[in-house]
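Q: Task: produce atomic coordinates for the following.
(one chain, ligands or ions: 1)
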Amino acid sequence: MDASLKPSLPAQPRAFAFHVGGRAVRRGDRDWCVRVSPAHGVEVTRVPACTAADVDAAVAAARRAFAQGIWSRLPGSERAQVLLRAAAGVRERFEELAYWETLETGKPITQARSEVLASAGYYEYAAGVARTLSGDSFNNLGEGMFGLVVREPIGVIGLITPWNFPFLILAERLPFMLAAGCTVVAKPSEFTSATTLMMAEILGEAGLPDGVFNVVTGYGLPVGQAITEHTDIDMVSFTGSVATGQRALAASASNIKKLGLELGGKSPQIVFADADLEAAADGVVYGICLNAGQCCVSGSRLVVEEGIADAFRDLLVDKFSRVRIGDPLDPATQMGAIVTEAHQNKILGYIRSGVADGARLACGGGILDGDGWFITPTLLEGVRSDMAVAREEIFGPVLTMTTFTTPDEAVAIANDSVFGLAASIWTKDLDKALDTMRRVQAGRMWINTTITGGPELPIGGSKQSGNGRETGVYGVEEYTELKSVHIALGQRTPWVQ
Ligand code: TXE
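A: Numbers count the residues shown, from 1 in each chain. Here you go, the predicted model:
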């Protein structure tokens, strides 16, 4: 369709089946998770509310497929072919994928389109790694010994994803698991399952053998919990809140499964006085308005040099007022809806708490009239690091502003957080940029830009933002187990005399 036209709402809600063993599973009598578009207030999709028994069936299918070796023992080149065909399938269906992604998440359609197209690139990249993944050899162990380090797929992986970037977060993980030769049981968020189920179809059409990718839909309890507790799952990749991540960590003790966690963030935007202030202000506004601030890496804490703070605030207030917020189906919209009414209320509560704690509301703090849940871009100035708004993840378009006078103080404020997911630095001084980069604790950093990336570089966090890394070559290695092999050469020296 013409990308400048506004698509309509669907004539009726779309009901999806879940996906086990290569089959779409439909049962007329089951409970549903009903999704109301957060921007329009009407039902758009429904997916089955699965049970722990459905998880058992999906895990059994994934285990069978893994044990049969129909995927894990294929040459990497054949796995790559399937991933490349899947990427082509994503590109062919990108308009449809973006449409349902927008309806379920409330994100602008233009943003959903670029996320879907970017996602195709992750499947293509992982296809390359499937062909180059290798182990190591040791020829330095003396004449009588040779060593090998062999990489093997970990096995069956549980993949639990959140609602903020359903298709992109899937793309940052699934193709890397598949490239390694693993089989997967995925559970998307109960709010945003459509595009994960569509991906199961696309992978099937691309030639992925039955049982390699399974999708069980439904709520965290019981479905997510059953996955994290399951004793026949070898690893879980979880993306979501710290609290649920902690539950996943406890549940993983059941069989000592490996756990990859990408949790929350409270990422600083450090702006030095010598920065290109127009560009920095534009980046800071983008970093908190993208996805209505509902990104794990949203730049939610502005840490700005005292001497330029007032001028920078004025730039931000002006730019915030010009962000186009509203119907995400309208291609002109830049910022869409908040995921649920409850989440909107939580964000508004944080804004009130910031003001009660002594911060000043420089702009925003409002909601839009009409259907759906929208919050206007909000700037709280005069924020101290001990306030809840500076410490806790708000996950909305709310930027806190704190000032510093020396680079040491900037680094101290940036690191004064339980999180360590991401950080941005704005300065024209390369020495200052690199020195600050080295001292700030974060898994992902940007210098004179923010929230950008691709499949090549690894992503993940430190401190309570999680552990493990996704994407890049590391992203495939994460889903492999190392096996070391000593091979004796020549005559054995007898032990038994
Ligand atoms: O997350 P949950 P929620 C943060 C953000 C947000 C807050 C709450 O601050 O406001 O978390 O969001 C599944 N065992 N992030 O409540 O509960 C759930 O069904 C296993 C940051 O939506 O963590 C969904 O599929 N799984 C984040 C997934 O976990 C369980 C993105 C995430 O949901 C479960 C989202 C259980 N017991 C929220 N309970 C980021 N890092 O990007 C729920 N789930």
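
Q: buried residues in stretch 363-377?
A: Under the neighbour-count criterion of 16 or more other CB atoms under 10 Å, stretch 363-377 has 363-365, 372-377 buried. Heads up, the C-betas are built off the backbone N, CA and C, glycines and all.

Q: do the same with stretch 423-440
A: Neighbour-count burial for stretch 423-440 flags 423-427, 432-433, 436, 440 (criterion: 16+ other CB under 10 Å).

Q: what's the closest of those residues to Gly41?
A: Nearest to Gly41 out of those is Ser424 (CB to CB; 34.7 Å).

Q: what are the phi and psi angles of the closest one?
A: The phi and psi torsions at Ser424 (degrees, to the nearest 10) take the values phi -120, psi 150.

Q: again with Leu434
A: Here is the backbone geometry of Leu434 (degrees, to the nearest 10): phi -70, psi -40.

Q: who touches Tyr474 in this structure?
A: Contacts for Tyr474 (CB atoms under 8 Å, 6 or more residues apart in numbering) come out as Pro458.

Q: Regarding it, what is its secondary structure?
A: Following DSSP: H, G, I helix; E, B strand; the rest coil, we place Tyr474 in the helix state.

Q: burial of the residue lying closest to Met335 once chain neighbours are set aside, as a residue count?
A: Counting by CB to CB, 6 or more residues apart in numbering, Ile325 is the residue found nearest to Met335 once chain neighbours are left out, at 4.4 Å. By the criterion of other CB atoms under 10 Å, Ile325 has 20 neighbours.

Q: Ile325 touches Trp373, doesn't it?
A: No: counting by CB atoms under 8 Å, Trp373 is not a contact partner of Ile325; they are 11.6 Å apart.

Q: List the residues that contact the residue most central in space within the chain.
A: Centroid-nearest residue in the chain, with CA atoms, centre = their mean: Ile169, separated by 3.9 Å. Going by CB under 8 Å, 6+ apart, Ile169 touches 161-162, 239.

Q: for Thr480, same thing?
A: Thr480 neighbours (CB under 8 Å, 6+ apart): 133, 151-154, 180.

Q: Now the buried members of those residues.
A: 133, 151, 153-154, 180.

Q: Can you say which two of the residues you listed are spatially most distant?
A: Spatial extent of the buried ones among the contacts of Thr480 (CB to CB) is set by the pair Leu133 and Ile154 at 13.0 Å.

Q: shared neighbours, the two?
A: Joint contacts of Leu133 and Ile154 (CB under 8 Å, 6+ apart) are 180, 480.

Q: Helix, strand or coil: sort out Cys33 for me.
A: Cys33 ends up strand, using three-state DSSP.

Q: Neighbours of it, how many?
A: 19.

Q: How about it: what's its closest non-neighbour residue?
A: Closest residue in space to Cys33, ignoring its immediate chain neighbours: Glu190 at 4.3 Å, by CB to CB, 6+ apart.

Q: isn't that neighbour right up against Leu221?
A: No: taking contacts as CB under 8 Å, Glu190 lies outside contact range of Leu221: 10.3 Å.

Q: ok, those two, which is more surrounded?
A: Glu190 (20 against 10).

Q: Identify the residues contacting that one.
A: 33, 35, 47, 49, 217-220 are the contacts of Glu190 under CB under 8 Å, 6+ apart.

Q: Please apply the same query to Leu434.
A: Leu434 neighbours (CB under 8 Å, 6+ apart): Ile447.

Q: before we move on, what about the one 5 residues further on?
A: By CB under 8 Å, 6+ apart, the residues touching Arg439 are 411, 415.

Q: If we use 6 Å, what do you get?
A: By CB atoms under 6 Å, 6 or more residues apart in numbering, Arg439 lies in contact with Val411.

Q: ok, so what distance separates it from Glu478?
A: Arg439 sits at a distance of 27 Å from Glu478 (criterion: CB to CB, to the nearest Å).

Q: And the helix ranked longest in the chain, what does it pack against?
A: Assignment by DSSP state H gives helix 109-132 as the longest helix of the chain. Applying 3 or more CB pairs under 6 Å, 6 or more residues apart in numbering; DSSP states H and E, we find helix 109-132 packed against helix 76-92, helix 94-105, helix 166-171, helix 174-180.

Q: try 8 Å
A: Under the contact criterion of 3 or more CB pairs under 8 Å, 6 or more residues apart in numbering; DSSP states H and E, helix 109-132 touches helix 76-92, helix 94-105, helix 166-171, helix 174-180, helix 472-477.
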